[in-house]
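Visitor: My questions concern the predicted model and sequence given below.
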Amino acid sequence: MLKAPNLEDCWVTGGVFRERMELNKKYLKELDPICLLQNFYLEAGIILPDMQVISEPEKANLHWGWESPACQLRGHFLGHWMSAAAMLSASDDDSELRAKLSKIIDELERCQIRNGGKWVGSIPEKYFKFMEGDDYIWSPQYTMHKTLMGLVDAYRYAGIEKALKIADALADWYIEWAKSIENTAPFTVFKGEQGGMLEEWCILFELTRDPKYQKLMDIYRENALYHKLEQHRDALTDDHANASIPLSHGAAKLYESTGEERWKIISEEFWKQAVTQRGMFATSGANSGEFWIPANSQGSYLGDTDQEFCTVYNMVRLADFLYRRTGNTAYADYIERALYNGFLAQQNMHSGMPAYFLPLASGNRKKWGSKRHDFWCCHGTMVQAQTLYPRLIWYTEGSTVTVAQYIPSEAKLDIDGSEVRLSQCTELKSLNNQVFFDEDEGGEKSRWSLRFDIECDTPTEFTLRFRLPWWLKTTPQIILDGEPIQADIADNYFIISKIWQNSTIQLLLSPKLTAESLPDMPETASLLDGPIVLAGMTDKDIGLQGDLSAPETFLHRRTTHEYKTYVWKQNTYVTRHQPVNIEFKPLYEVTDEVYTVYFSKR
C-alpha cells in the first residue's frame, strides 16, 4: 500500500496551490476563538464576554448563518477549523495556529466538565433523543462528527494530548447512548447524517487499541447502503450525495484497519457507482441540488446547483484511499481534475470564501460565502480542503517513491534507513525548441515543465515513479542530469530505478486540448486544457463551429508579453473562425464574471 509522508515531512512550496493555502491560513487566523466556541459556551452555560444581553444583534461579535445559535447545525464549523489548523501546524510548522488550537482545546475541556464530563457538544444532548422518534431534527450526528473529527486531528497532527482525552470521554457518552437504545430504537445510530462516525471510531481504535472503539465500530458498521452496494444494486441515484460519501470512507478505513475483504469490495463498489458507471461533469462532480443524478444524465441536470463542494472534497478523500490501496493512476487523475475544477474553482481567489455549488448552466455566476455570516457545510470542507495538498503529492511503498501530483513541493523520506530529500518546481522551458533556459531568456513557458531535485545523505537505491496523466498529447520528455533518457513505462508511470545521491530530473508534460461531451447530450461539450476546465466569457451558449475532436483548430492561445510571465497564469484562449469570438480561461480563475462551461456544436 502506498503511504503518504507525515505532514511535518512534506511542504507545498509555490504556485497557485501555495497561494490558496496562504489565503486559507490567513482566514483561519482571522477568526475569533470566542466566536468559534460560541455555541459550545452557550450549551455549557458559559456567558460569552459582554453578551449576557445582546441589545443590537447586528453589531454583536458572533458568527451567524449555520453557526447562529438558532440553527440546529450550530457548532459544526469548529471541527473543520480544528482539523485545518492541526494540519497546518504540522505541514507549515505554524506555531500561531497551534497555540490558538491548543487554547480552543482547553476551552472545550472546560465545556465538557461543565456538561458533566462526557458531552462536549455545541447542540443539546436531547437532539439525539429526538432522533429516536419522528420529530424532525437537522443532522445531530453530522454536527457531532465534526467536533469528534477536529479533536482526533488535533491529537494526530498537532500532538495535543488533551484533545484525545476529550474525544475519549465523548466516546463514553456514545457507548452509553447506544446501549440506551439497543432494545428500543437501535437503528437510530444510522440517523442524523452519521456517515463520518465510523471512520473516526476506526482511527481512535488504531490510536488507542481500546476495545470500546471496536464496539463502536461494530455498532456503526451495519448500514443499509452497505448492503445495497454488496448486492450491486443502485445505492446512490437520487440519494443525498454528501451524506453517502463519508460512508465510503468508513468502509475504506475499516478495510485498512481489519483487512476484511468485505470493506474493500464495498468501497470499490461505491466508486464504481459514483464515478465509473455514473459519469461526471468535466469538473468532476456528479450531483445536482445535493443529490446524486442518474447515471449518464448530466445534460439533464445542468443548472445553478451543480457540484456541491462538500462532495468534491469527500470524493477526493475516497479517491486517495483507493489510490493508496491500488496505485491505479485513474484515481490520481480524478484527484487532479477535482483539485483544479473544485478545490480551486470553488474557492474565491481573493477572499478565500467557498462557493456552495458550481453553476454549470449557461450564463451563470458563482455565489460566494461571506467570512462570518454563512458558514455552510461547504464553508467547513473548504478550509480543510486547502490543507490537503501536501498529502496528495508524494507516496512511498518499500523502496519506491511515487510522484502522484505535479505541485511545487518538497518531501523528506526515509528509504531503507537513508534520508532522501526531494523537491519539484515549475521550470521555465521553451516549447518551441525544447531547450531548457533560465527565466530571463524569453520564450513560451509551461506550467507542466518541471524540475525535480533528489538529494540523499548516502548513495541510495530506489525506484522513482512519475504519473503519466490521461491528458498527455505526446510522450513526455525526460532529462536526467542533463542527458535525455528513455525511461521505462509501466501502468501509466515513468519509472527510473538507480542508485541516487544528488540528481536533477527535468520533465516536460505536453497537455492536449480536449472537448468532453455530455453523455446524454453528445452535441454539447466542455473544453479542457490538460486537466483544467475552460470557461467561456459569455452569458449564453453561443455555439462553437469546428471539429470538437480537435479544439486547437478553433482556439488560439492568448498570453501577455511581460518581462516575466507568471507560469501559473496560463491556459487562456480566444476562439477563431466563429460568428462571435470569445475568450476562454480556466474556470478556477473566474470570480465574479458571468461564464458558460458547456457549448453546443453549430
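Guide: All right, it came through fine. Numbers count the residues shown, from 1 in each chain.

Visitor: mean confidence score for stretch 226-242?
Guide: Mean pLDDT, computed over stretch 226-242, is 96.

Visitor: Figure out how far that stretch is from the centre of its chain.
Guide: Centroid separation between stretch 226-242 and its chain, computed with CA atoms, centre = their mean, to the nearest Å, is 22 Å.

Visitor: Can you check which strand is longest in this protein?
Guide: strand 449-467 (DSSP state E).

Visitor: Each with direction, which strands does whichever helix or strand comes after it pair with?
Guide: For strand 449-467, the following helix or strand on the C-terminal side (DSSP states H and E) is strand 477-480. Taking DSSP bridges as the criterion, strand 477-480 pairs within the sheet with strand 483-484 (antiparallel), strand 493-508 (antiparallel).

Visitor: could you pull out the helices for the stretch 251-400 of the chain?
Guide: For the stretch 251-400 of the chain, applying DSSP state H, counting those that start in this stretch gives helices covering 261-271, 309-326, 329-338, 377-385.

Visitor: Compute the inter-axis angle for the shortest one and helix 329-338.
Guide: Going back to what we said before, that points to helix 377-385. Put simply, helix 377-385 runs at 120 degrees to helix 329-338, going by axes from the mean of the first three to the mean of the last three CA atoms, to 10 degrees.

Visitor: burial count for the closest residue to D520 other than its chain neighbours?
Guide: Excluding the flanking residues, the one nearest D520 by CB to CB, 6 or more residues apart in numbering is G299, at 4.4 Å. Backbone N, C-alpha and C define where each C-beta goes, glycine included. Look at G299: counted by other CB atoms under 10 Å, it has 17 neighbours.

Visitor: For F130, which of the strands paired with strand 477-480 is the nearest?
Guide: strand 493-508 (51.9 Å; CB to CB).

Visitor: Which residues does that closest one contact?
Guide: For strand 493-508, the surrounding residues in contact (CB atoms under 8 Å, 6 or more residues apart in numbering) are 329, 402, 420, 427, 429, 434, 436, 446, 448-456, 458-468, 476-482, 485, 487-489.

Visitor: now for the helix or strand just after that strand, which elements pack on it?
Guide: Where DSSP H and E defines the elements, the next helix or strand beyond strand 493-508 is strand 513-518. Applying 3 or more CB pairs under 8 Å, 6 or more residues apart in numbering; DSSP states H and E, one finds that strand 513-518 contacts strand 521-529.

Visitor: Just the CA trace of the strand it packs on, in PDB.
Guide: What follows is strand 521-529, C-alpha atoms only, in PDB (Å, rounded to 0.1, in the frame of the first residue of the first chain):
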ATOM      1  CA  MET A 521     -26.300  15.500 -25.000                       C
ATOM      2  CA  PRO A 522     -23.300  14.500 -27.200                       C
ATOM      3  CA  GLU A 523     -23.700  17.600 -29.300                       C
ATOM      4  CA  THR A 524     -22.800  19.700 -26.200                       C
ATOM      5  CA  ALA A 525     -19.300  19.800 -24.700                       C
ATOM      6  CA  SER A 526     -16.900  21.500 -22.400                       C
ATOM      7  CA  LEU A 527     -13.300  22.400 -23.300                       C
ATOM      8  CA  LEU A 528     -10.300  21.300 -21.200                       C
ATOM      9  CA  ASP A 529      -6.600  22.300 -21.400                       C
END
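
Visitor: which of the residues in it are buried?
Guide: Buried residues in strand 521-529, counting neighbours by 16 or more other CB atoms under 10 Å, are found at 524-529.

Visitor: As TSV, the helices of the stretch 251-400 of the chain with mean pLDDT and mean neighbour count would be great.
Guide: Shown next, in TSV, are those (pLDDT from 0 to 100; neighbours: other CB atoms under 10 Å):
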stretch	mean pLDDT	mean neighbour count
helix 261-271	98	20
helix 309-326	98	23
helix 329-338	98	23
helix 377-385	98	26
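
Visitor: what's the closest of those helices to I245?
Guide: helix 309-326 (4.0 Å).

Visitor: Tell me what angle that closest one forms with helix 329-338.
Guide: Going by the same axes, to 10 degrees, helix 309-326 makes 150 degrees with helix 329-338.

Visitor: Could you list every helix and strand in contact with helix 309-326?
Guide: So helix 309-326, by 3+ CB pairs under 8 Å, 6+ apart, packs with helix 241-258, helix 261-271, helix 329-338, helix 377-385.

Visitor: In CSV, list these along with distance to G75.
Guide: Formatted as CSV, the helices and strands packed on helix 309-326 follow (distance: least, CB to CB, whole Å):
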stretch, distance to G75
helix 241-258, 18
helix 261-271, 29
helix 329-338, 28
helix 377-385, 11
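
Visitor: Help me confirm that L318 comes into contact with A251.
Guide: No - using CB atoms under 8 Å, L318 makes no contact with A251, being 9.4 Å away.

Visitor: got any residues that touch both of these two?
Guide: Both L318 and A251 are contacted by 267, 270, under the criterion CB under 8 Å, 6+ apart.

Visitor: what does the model give the closest residue to L509 other than its chain neighbours for pLDDT?
Guide: Sequence neighbours aside, W448 is the residue nearest to L509 in space, at 3.9 Å (criterion: CB to CB, 6+ apart). With respect to pLDDT, W448 has a value of 92.

Visitor: Give me the residues contacting the helix or strand of the chain with the lowest mean pLDDT.
Guide: In the chain, the helix or strand scored least confidently by mean pLDDT, DSSP states H and E is strand 555-557, which has a mean of 93. Residues outside strand 555-557 that contact it (CB under 8 Å, 6+ apart): 513, 527, 572-576, 584.

Visitor: Which ones among the residues you listed lie within strands?
Guide: Per DSSP E, the contacts of strand 555-557 map to strands at 513, 527, 573-575, 584.

Visitor: Please name whichever of the helices and strands packed on helix 309-326 is nearest to P124.
Guide: helix 377-385 (20.2 Å).

Visitor: Distance from that closest one to the middle of the chain?
Guide: Counting by CA atoms, centre = their mean, helix 377-385 is centred 9 Å from the centre of its parent chain.

Visitor: winner for burial among the strands paired with strand 477-480?
Guide: strand 493-508 (a mean of 17; mean count of other CB atoms under 10 Å).

Visitor: CA atoms of that one as CSV?
Guide: Extracted C-alpha coordinates of strand 493-508, given in CSV (Å, rounded to 0.1, in the frame of the first residue of the first chain):
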residue,chain,number,x,y,z
TYR,A,493,4.1,5.6,-14.8
PHE,A,494,7.5,6.7,-16.0
ILE,A,495,9.9,4.5,-14.0
ILE,A,496,13.6,5.2,-13.2
SER,A,497,15.5,2.8,-10.9
LYS,A,498,19.0,3.6,-9.9
ILE,A,499,21.4,4.4,-7.1
TRP,A,500,20.7,8.0,-6.3
GLN,A,501,22.6,10.7,-4.4
ASN,A,502,22.5,14.1,-6.0
SER,A,503,20.5,14.3,-9.2
THR,A,504,18.2,16.6,-11.2
ILE,A,505,15.4,15.5,-13.4
GLN,A,506,13.7,17.8,-15.9
LEU,A,507,10.3,16.6,-17.1
LEU,A,508,8.1,18.1,-19.8
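
Visitor: what's the angle from it to strand 449-467?
Guide: Going by the same axes, to 10 degrees, strand 493-508 makes 180 degrees with strand 449-467.

Visitor: how about the nearest residue to I485, chain neighbours excluded?
Guide: I478 is the one closest to I485 (CB to CB, 6+ apart), at 5.8 Å.

Visitor: partner residues bridging the one you found?
Guide: Going by DSSP bridges, I478 forms beta bridges with L507.

Visitor: Give the burial count for it, as a bare number.
Guide: I478: 20 neighbours (other CB under 10 Å).

Visitor: try L587
Guide: 27.

Visitor: which ones are touching it?
Guide: 283, 341, 345, 532-535, 595, 597.

Visitor: I'd like the helices of the stretch 251-400 of the chain as a markdown table, with distance to L509 appended.
Guide: Formatted as a markdown table, the helices of the stretch 251-400 of the chain follow (distance: least, CB to CB, whole Å):
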| stretch | distance to L509 |
| --- | --- |
| helix 261-271 | 26 |
| helix 309-326 | 19 |
| helix 329-338 | 11 |
| helix 377-385 | 24 |
